[in-house]
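K.L.:
Sequence and predicted model, in that order:
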Amino acid sequence: MKIIYTDVLVIGGGLAGLRVAIGAKRRGHDAIILSLVPPKRSHSAAAQGGMQASLANVIKGQGDNEDVHFEDTIRGSDWGADQRVVRMFVNTAPKAVRELAAWGVPWSRVQRGDRQVIMNGQKVTLTERHEAHGLVAQRDFGGTKKWRTCYVSDGTGHAMLFAVSDRAIAEQIPVHERMEAIALIHEGARCYGAVVRNLISGELCAYVAKATTIATGGAGRLYRVTTNAVICEGIGTAIALETGIATLGNMEAVQFHPTGIFPAGILVTEGCRGDGGLLKDVDGHRFMPDYEPEKKELASRDVVSRRMETHIRKGKGVPSRFGEHLWLDITQLGRAHIEKNLREVKEICESFLGINPVEKMIAVRPAQHYTMGGVRTNHTGESPTLKGLFAAGEAACWDMHGFNRLGGNSVAETVVAGMIVGDFVADFCDRPDNEVRIPTGLVRELIAAEQAKLDRLVSGNGTEDASALRVAMQEIMTAKVGIFRTGAELSAAVSELQALLERSRHIGLRHKAAGANPELATAYRTQKMLKLALCIAYGAEQRTESRGAHFREDFPRRDDAQWLKRTLATWKSESDPLPTLAYQPLDVKAMELPPGWRGYGAKDYVDHPDTPGRAAEVAALRERMAEAPRFDVQQALMPYDHQLPATLRGRNERIDEPFQ
Amino acid sequence: MIIPIHPVKSSFAAESPGGAASARRLKIRVMRYDPHRPDVAPHLQTYEIDDAAGMTLFIALTEIREKLDPSLQFDFVCRAGICGSCAILINGRPALACRMLTQNLGDEFTLAPLPFFELIGDLSVNTGKWLRGMSERLQTWVHQQQDNPDLTRLEARMEPELAEQIYELERCVECGCCVAACGTARMREDFAGAVGLNKIARFRLDPRDTRTDADFYDVVGDDDGVFGCMSLLGCHDVCPKQLPLATQIAFVRRKMVAMGWR
């Protein structure tokens, strides 16, 4: 049995994993990245629209800064986010854009002078400043006060992924492709790497490391209708859960994107609406202003998705033989704009719908899109319960998204968390007490145990069909754990998923071969995915309130008094029928922005008992410091700078905030 | 190895319109070979499934694996035409399988793995391994003057049109179609291919890259580089992103010839 030793093992070759590895390598630690696919094929490439960073270069972004980005993100999260982590994030995002600019990302740039844009269905002329010419441009996205989304046409994630992946090649970081971590190696509460399956040969081996980082992205494939790539099965998150020690945070927080093309679920970017695209119903009526007079199509994703589904329930959906949908209309943006700034959207419409969006409307309906929950970490990216295990990006619950993520904040999180967590991983490896101390005998036992599980699947006497179980799970998740949730449906979903989990212990393969055997991969992944599905469904059943993307029709109000807390799920023993849930309260008294109305969506919520007190405190301090620089006010309200790695502290220069 | 073929009732509403009234029966011939089982010779295997409106080869192959033959190997990731994972030969021509609608194919068609790349099994080939090697040989990254720019300061400016021109070449998804369609690649395993030469054109255009034509000549100024190209332009014809490969290769060649004469 092969054992490979390294300082840092990174599981996942998308943007977050690559950037963590680069950070660790630059600090002198060897890193190996494991990836299911060549890293440039990762799902990061699918982030079309852009990355939020408050550069404030375009005229509609003027006045933007970390404070505005912070407030937008907290409101978007419905106050579920860790506010200090959000501060770390918004302060690092401009640095991340600038780093990527230096690494070669061809960010779209500001052109000085007049340009025509579509806003709120109207043609408007914007005049870009002379002094902004040639700086990185921003576009509008949902849930933001300012135009903040930096972009590369509509291939932002692709351009970022290629630049960072090429950077990793330049820094000679090995990527072991087509390798899948199927179990974490841990001794008690200390993680030492992973047992890994070679997807070409089928062989198992072990990677033993001082620090292990999970950066495997989201778990969209738990759902039948999702924008996610087929590799987004949440296996990295699941192997953390299977340790019984690491915790998963807020798994019930699942985002549905308003504009999955119907019925395939392939994403068309929020940039369509940011650039002036409208949502229309069966009558050709633009319905969003009826529900959201202020933000209209550009309220946060959870709100827009719910409004769309409500509108369909009112009988305003467009009937088709596959069910009902709505229209996304970008025809008014014009051919030139679409062919330049929304090219991927055009290609997708042509390839999968057979229409040209310059001329025809796009059939859309909300589809599962983003996993806000994930491996719970503290602000350094390390699991608070399993030492040496880190997580970054969508796989993590670092917790900058709370219960709803803003568009453009996920691809931003990948690189920002990569920069921050990469540095903390290096710190961890620097400490002499963090050497690898696991006996090789134990590693061999763990490999053997995993091999035995696979052998049972291949040659045991199970009869259940893994593909059928998976499809059943996906149908349950989409039908009963979707945009609108009720106690009765969730309870049914939990029992049905439990039955599937039990059946998944008796999977048998039709194709008995060892080696690559894709059916074997489906089998063990389905077993793991069912546990994640139960974390989501059970967490959603228990959370008797509505917050962000988690919406309970039987409990439509956000209830800060009972539920201003993070769900933590563990799977204590392999034979457990359900995850064990615990809750971690969020401290209102430490919040820079105490809970309130988001500025869109329902205005109906129950206050936390500490909220009025903290709100008064914050208001008084703001009044007392009315003349002080914004940085001093922020520092007085909620200091966070000490939590950032020293190299990433410091202000961000802007045209309107020049450095001396 | 003979896999029994049963009629399949479509039930894949999530990924496709599915269950359509279409009566068309598709006969899909797939090239099968598992290098781990050299005893079974490469052969074509035929699968029959019902066509459906909006069905892509992603949906068709997924259905075959779920219902008919769990051993069939192929690669899909994004299934939306943006990641470049699923390039195969469709009736002999390299293309992205996820974007191919069955309605654009006949009742019978043949799928085979991309040539040139190391075969993993059936339709799956190891593009990643070759592309990493190409990237290392051609050094496909921005070579900067300073490794640690001050990230707190305003970013360096770039003309908007130049950023667009760079993005135009940056749209390559490294799917491997161009190399699979390349005559030179058949003869030279280390040939940079259109994918590599396009990257050289991209970095040459980028003012952030400090390399000169002399540096580029070092990596593509030979028969494994731009002088290996026979201008057959199969690459240009099959590129799923419709990159201007013919122009770019000609341009790089001209610059490298000028360099070589110096």
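P.N.:
Looks like it came in fine. Numbering: from 1, shown residues only, chains lettered A, B, ... in the order given.
K.L.:
Can you name the residues of the stretch 401-550 of chain A that neighbour chain B?
P.N.:
Selection of the stretch 401-550 of chain A residues close to chain B by C-beta under 8 Å from any C-beta of the partner chain yields A:467, A:471, A:474, A:478, A:509-511, A:513, A:515-519, A:522. For every residue, glycine as well, the C-beta is placed using N, CA and C.
K.L.:
Excluding chain neighbours, give the residue nearest to residue 169 in space.
P.N.:
No chain specified, so I'll use chain A. Among residues not flanking A:I169 along the chain, B:S135 sits closest, at 5.0 Å (C-beta to C-beta, 6 or more residues apart in numbering or on different chains).
K.L.:
try again with chain B
P.N.:
The spatial neighbour of B:L169 that comes closest, neighbours along the chain excluded (C-beta to C-beta, 6+ apart), is B:R202 at 3.9 Å.
K.L.:
I'd say the one you found and B:E170 touch.
P.N.:
Yes. Between B:R202 and B:E170 a contact is recorded at 6.0 Å, counting by C-beta atoms under 8 Å.
K.L.:
Which two of the residues of the stretch 401-550 of chain A next to chain B have the greatest separation?
P.N.:
With distance counted by C-beta to C-beta, no two of these lie farther apart than A:T478 and A:G515, which are 32.9 Å apart.
K.L.:
These two: who's more crowded?
P.N.:
For A:T478 against A:G515, the residue with the higher neighbour count under other C-beta atoms under 10 Å in any protein chain shown is A:T478, and the figures read 21 against 18.
K.L.:
Any buried residues in the helix or strand that one falls within, and which?
P.N.:
Taking DSSP states H and E as the criterion, the element that holds A:T478 is helix A:466-480. By 16 or more other C-beta atoms under 10 Å in any protein chain shown, the buried positions in helix A:466-480 come out as A:466-467, A:469-478, A:480.
K.L.:
so for stretch A:285-301, what's the average pLDDT?
P.N.:
Per-residue confidence for stretch A:285-301 averages out to 94 on the pLDDT scale.
K.L.:
Please report the distance of A:R566 from chain B.
P.N.:
Shown here: A:R566 relative to chain B, a distance of 31 Å by C-beta to the nearest C-beta, to the nearest Å.
K.L.:
Assign that residue to helix, strand or coil.
P.N.:
Following DSSP: H, G, I helix; E, B strand; the rest coil, A:R566 is assigned to strand.
K.L.:
quick one, phi psi at the residue of the stretch 51-200 of chain A found nearest chain B?
P.N.:
Closest to chain B within the stretch 51-200 of chain A is A:G134: 3.1 Å, counting by C-beta to the nearest C-beta. Backbone dihedrals for A:G134, given as degrees, to the nearest 10, come out at phi 90, psi -10.
K.L.:
quick one: pLDDT of B:V40?
P.N.:
94.
K.L.:
give me phi/psi at it?
P.N.:
Note on B:V40: backbone dihedrals following degrees, to the nearest 10 are phi -100, psi 110.
K.L.:
and whichever residue of the stretch 1-150 of chain B sits closest to chain A, how many neighbours does it have?
P.N.:
When scored by C-beta to the nearest C-beta, the stretch 1-150 of chain B has B:G128 as its residue closest to chain A, at 3.0 Å. Other residues near B:G128 come to 24 when the count uses other C-beta under 10 Å.
K.L.:
mind listing what it touches?
P.N.:
Taking C-beta atoms under 8 Å, 6 or more residues apart in numbering or on different chains as the definition of contact, the neighbours of B:G128 are A:V37, A:P38, A:P39, A:R41, A:E177, A:R178.
K.L.:
Just want the most central residue of chain B.
P.N.:
With distances taken as C-alpha atoms, centre = their mean, chain B has B:C175 as the residue nearest its mean C-alpha position (1.8 Å).
K.L.:
just the buried residues of helix A:466-480 now: which is nearest A:L353?
P.N.:
Nearest to A:L353 among those is A:T478, at 20.7 Å by C-beta to C-beta.
K.L.:
Give me the local confidence score for that closest one.
P.N.:
So A:T478 comes in at 94 (pLDDT).
K.L.:
And for it, nearest residue in space, chain neighbours not counted?
P.N.:
Going by C-beta to C-beta, 6+ apart, A:T478 has A:R224 as its nearest residue, at 4.2 Å.
K.L.:
and the gap between B:P207 and chain A?
P.N.:
11 Å.
K.L.:
wouldn't that residue be in contact with B:M158 here?
P.N.:
Yes. Proximity of B:P207 to B:M158 meets the contact threshold set by C-beta under 8 Å, at 7.3 Å.
K.L.:
okay, the two: which has more neighbours?
P.N.:
Here B:P207 and B:M158 are compared on neighbour count by other C-beta under 10 Å; more neighbours surround B:M158, at 21 against 11.
K.L.:
Contacts only, for the residue of the stretch 451-600 of chain A found nearest chain B.
P.N.:
Relative to chain B, the nearest point of the stretch 451-600 of chain A is A:E519 (3.5 Å; C-beta to the nearest C-beta). Counting by C-beta under 8 Å, 6+ apart, A:E519 makes contact with A:A466, A:S467, A:L509, A:R510, A:H511, B:R65, B:P70, B:S71.
K.L.:
In ChimeraX, select just the buried ones from the residues you listed.
P.N.:
Only the buried entries of those go into this ChimeraX selection, using 16+ other C-beta under 10 Å:
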select /A:466,467,509,511 /B:65,70,71
